[in-house]
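> sequence first, then the predicted structure:
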Amino acid sequence: MNWFPRQEACVQWGGPHMRYPFTENTFLEDIHWKKMPSYSAVTSEGHLLGFGQFYEKHGRCHLARLALARQYRGRGLGREFISLLMNIGEKQLKSCGFSLYVLLHNESAVACYESLGFRPAAAPETDTKLKDSIFMIADSIESYGQSGTMTDASTAKTG
């Protein structure tokens with residue numbers, strides 16, 4: 001996977017326990033592939049566009065490991081993908097609200113999340129403190145177009 005060519009980028013995306021360099025097996029283990037709902041967004045030609053996961057955390061649908069391929073950024077596709085992921089997570093978890101962490105310097109991601117109704121909030125005291133990050137919450141889904149293709153990544157072939 002060439003989306004995370006450096007250890008710093010890999011750890012920022014996947015968390016402090018991500019091993020680097022990684023193999024396909026260690027990567028799948030470290031992102032809790034078999035334990036956490038994992039989804040990918042693909043183009044109509046089948047090219048990987050984005051990836052994201054969610055799980056219940058503090059009564060909210062917590063979005064995790066969100067990534068959009070660099071060549072597809074700036075077109076509103078990340079917003080659409082995350083909106084779809086929020087809809088799926090809300091239905092599967094029957095949760096009330098959403099949360100995520102984002103790096104302070106990732107201004108375009110912060111703007112994307114704000115456009116979906118997220119706002120900065122105090123991080124739960126029990127959470128591991130993530131350096132240079134903001135904890136954000138949203139109470140509901142600010143809808144955006146639903147025309148994208150979402151694939152349950154846990155059933156997709158890797159590699």
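Perfect, I can see it now.
> pull the number of nearby residues for the nearest residue to residue 54 once chain neighbours are set aside.
Distances taken as Cβ to Cβ, 6 or more residues apart in numbering put residue 89 closest to residue 54, at 3.9 Å, once the chain neighbours are dropped. Placement of C-beta: from N, CA and C, glycine included. The number of residues packed near residue 89 is 24, by other Cβ atoms under 10 Å.
> which SSE is immediately downstream of the longest helix seen in the chain?
In the chain, assigned by DSSP state H, the helix with the most residues is helix 77-93. Counting by DSSP states H and E, the next helix or strand C-terminal to helix 77-93 is strand 98-103.
> show the backbone phi and psi for the residue nearest to the spatial centre of the chain.
By Cα atoms, centre = their mean, the mean C-alpha position of the chain lies nearest to residue 66, the distance being 2.2 Å. Backbone torsions of residue 66, given as degrees, to the nearest 10, read phi -80, psi 130.
> my guess is it meets residue 40, correct?
No. Applying Cβ atoms under 8 Å as the test, residue 66 and residue 40 come out as separate, 11.4 Å apart.
> what residues are shared contacts of these two?
Listed contacts common to residue 66 and residue 40 are 50-51; contacts here mean Cβ atoms under 8 Å, 6 or more residues apart in numbering.
> farthest from the middle of the chain: give me that residue.
Largest centre distance within the chain, by Cα atoms, centre = their mean: residue 45, 22.2 Å.
> contacting residues around the residue nearest to residue 54?
37, 54, 61, 63, 95, 98.
> related to what we said a few turns ago, relative orientation of the longest helix of the chain and strand 98-103 in degrees?
140 degrees (axes from the mean of the first three to the mean of the last three Cα atoms, to 10 degrees).
> could you find the closest non-adjacent residue to residue 72?
Distance criterion Cβ to Cβ, 6+ apart; nearest residue to residue 72, sequence neighbours excluded, is residue 49 at 5.1 Å.
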